[in-house]
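S.K.: The following block contains a protein sequence and its predicted model.
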Amino acid sequence: MDVNFDLLGDPIPEGWGKRGRPQHIATTENRNKVMMLLAFGWNNERIARALGITPPTLRRNYFRELRVKDEARDRVDAILAASLWEQAKSGNVGAIKEFRKVQERNDMMTAHLTAHGKNPEKPIKEPKLGKKERALLEARAPDTGTEIGDLMAQRNRPN
């Protein structure tokens, strides 16, 4: 299939110049651009404007990239680190120096998170109790600060 490209390097869709707006074609380059912009923290409207499309078109064509919005920064950082590592292994001195900087930044971030008691992993959430389960737990452990609570606690103790 013969594909023509416009001045910006994007493929020209079928039906260009005919009635109606031409369909947007999601290219690998645009997918990578969306992932990079998500890593920068851009919102969907801003990314759509950068690509010259509407937000619904962005959601329709790039839903896989938008689904991993929270992981975009980590993915881009991992790709950058891998690229620097490959260049450093081949002997590129600039890449070696930059890789060291990335490594030091990562170490500082890890130390900061550990010092402040923040776990970079998501904490395991306790399952939410329903109304009846919560009432049963509260009934088994009454408030002994009140007279009725003290009586209930005495009643619940085994003989």
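M.R.: In hand now; what should we look at? As the structure is a prediction and not an experimental result, all values here were calculated from the model.

S.K.: which residues in this structure form strands?
M.R.: In the chain, no strands are defined using DSSP state E.

S.K.: which parts of the longest helix along the chain are buried?
M.R.: Ranked by residue count, the top helix of the chain under DSSP state H comes out as helix 93-115. By neighbour count on 16 or more other CB atoms under 10 Å, the buried set for helix 93-115 is A95, E98, F99. Every residue, glycine included, has its C-beta placed from N, CA and C.

S.K.: Against R19, how distant is the spatially most central residue of the chain?
M.R.: In the chain, the centroid-proximal residue (CA atoms, centre = their mean) is D70; its distance is 0.9 Å. Computed as CB to CB, to the nearest Å, the D70 to R19 distance reads 41 Å.

S.K.: How about residues contacting the helix or strand of the chain with the lowest mean pLDDT?
M.R.: Using mean pLDDT, DSSP states H and E, the weakest-scoring helix or strand in the chain turns out to be helix 147-156, at a mean of 81. Contacts with helix 147-156, where a contact means CB atoms under 8 Å, 6 or more residues apart in numbering, come from A139, R140, P142, D143, T144.

S.K.: Which of those scores worst on pLDDT?
M.R.: Lowest pLDDT of the contacts of helix 147-156: A139, 76.

S.K.: Please determine how far the closest residue to that residue other than its chain neighbours is located from T146.
M.R.: Nearest in space to A139, with sequence neighbours left out and distances taken as CB to CB, 6 or more residues apart in numbering, is M152 at 7.6 Å. As for M152, its distance to T146 is 9 Å (criterion: CB to CB).

S.K.: Where does pLDDT dip in this protein?
M.R.: 1-2, 15-17, 20, 22, 118-123, 159 (pLDDT under 70).

S.K.: can you map out the helices along it?
M.R.: Using DSSP H, the helices of the chain run over 28-39, 44-51, 55-61, 63-67, 72-89, 93-115, 131-140, 147-156.

S.K.: For burial, what's the neighbour tally of D77?
M.R.: Counted with other CB atoms under 10 Å, residues neighbouring D77 total 14.
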